[in-house]
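Novice: Build the 3D model from these lines:
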Amino acid sequence: TTLLIAIPSAVKAFNWITTLWKGNLQMNTGMLWSIGFVSTFITGGLTGIILGDSTLDINVHDTYFVIAHFHLVMGISALYGFFAGVYHWFPKMYGRMMNKNLGYIHFWVTIVGAYGVFFPMHFIGLAGLPRRYYTNTAFPYFDDLADTNVLITVFAIMAATVQLVFVYNFIHSMFYGKKATQNPWNSNTLEWTTPVEPVHGNWPGEIPSVYRWSYDYSKMNEDGTDYVIPGQDFIPQNVPLQKNEEELNH
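Specialist: Residues are numbered from 1 along each chain as shown. All right, here's what the predicted structure looks like:
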């Protein structure tokens, strides 16, 4: 079962990679957290192949290697997805933008801290350090790993402390953040066509018609001219393609 889980995991990993591949990425905080999620899911998931092989797992079973693998995939990746969602949907939830610079600090310190915690755990696990032991004083062999454990603790404290930056940014931006535009991320999807101030039924008038799928960027007109207005690379789903350049200019 451990090896079988690699099949859907690999499908999703390649799905995410090819979605990002050659894309016109905007390196805002939400995108950084999304890329960080893909990173930890892959790096943490690859070690699962080792744990699924009985010949290799006999050496690392119930060691810190398992902790590093599991928490990178199920813990850190889940948190990164959560943060990506918060930074992305915050303008729609509160009509304001979170502070971008504080978001960058939050991301970079967290990702360095998280890898600083779990990357060394692979090595102390390969050295045989068991998990779930209150103390290893009965095994003098593990005394040489004490410095690595101290380093892990330092990174853990650093990563935990920077979460206060996120809490401050979230609460402060709710009341004092920069006013968000209706579509701050230049998205095609319909949720960003709703008013900044929520109304009953989402739209004040008729439900908009949809002319293309959600992520259909850089469409062309029927006469071959590029529909996209200079400086833009998105077409909301509810905007039909123009038939000629005169209509586009109009």
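Novice: Please count neighbours and contacts with C-alpha atoms only from this point.
Specialist: OK.
Novice: any idea how far the spatially most central residue of the chain is from Ala156?
Specialist: Among the residues of the chain, the one closest to the centroid is Ser34, at 2.3 Å (C-alpha atoms, centre = their mean). Computed as C-alpha to C-alpha, to the nearest Å, the Ser34 to Ala156 distance reads 21 Å.
Novice: Pro208 now?
Specialist: 48 Å.
Novice: More neighbours: those two, which one.
Specialist: Ala156 (18 against 13; other C-alpha atoms under 10 Å).
Novice: Now name the helix or strand holding that one.
Specialist: Element membership for Ala156, per DSSP states H and E: helix 146-161.
Novice: Show me the strands in the protein, by range?
Specialist: 96-97, 178-179 (DSSP state E).
Novice: Out of these, which is closest to Met27?
Specialist: strand 96-97 (15.3 Å; C-alpha to C-alpha).
Novice: Output the contacting helices and strands for the closest one.
Specialist: helix 77-94, helix 163-176, strand 178-179 (3 or more C-alpha pairs under 8 Å, 6 or more residues apart in numbering; DSSP states H and E).
Novice: Just the residues contacting it, thanks.
Specialist: 90-91, 173-174, 176-180 (C-alpha atoms under 8 Å, 6 or more residues apart in numbering).
Novice: what pairs with that strand, and is each one parallel or antiparallel?
Specialist: strand 178-179 (antiparallel) (DSSP bridges).
Novice: okay, now Arg132: neighbour count?
Specialist: By other C-alpha under 10 Å, neighbour count at Arg132 equals 10.
Novice: got a list of what it touches?
Specialist: By C-alpha under 8 Å, 6+ apart, no residues touch Arg132.
Novice: distance of it from Ala68?
Specialist: 13 Å.
Novice: How about Gly95?
Specialist: Gly95 is 38 Å from Ala68, by C-alpha to C-alpha.
Novice: again, but for Gly48
Specialist: 10 Å.
Novice: now Leu151
Specialist: Leu151 is 15 Å from Ala68, by C-alpha to C-alpha.
Novice: repeat for Tyr176
Specialist: 39 Å.
Novice: Looking at these two, which has the bigger crowd around it?
Specialist: Each of Tyr176 and Ala68 has its neighbours counted (other C-alpha under 10 Å); Ala68 has more, 23 against 13.
Novice: sorry, back to before: name the member of the contacts of strand 96-97 with the most neighbours.
Specialist: In the contacts of strand 96-97, the most neighbours by other C-alpha under 10 Å go to Pro91, 25 neighbours.
Novice: Grab the nearest non-local neighbour of that residue.
Specialist: Met97 (5.3 Å; C-alpha to C-alpha, 6 or more residues apart in numbering).
Novice: What lies in contact with stretch 8-16?
Specialist: 38, 41-42, 45.
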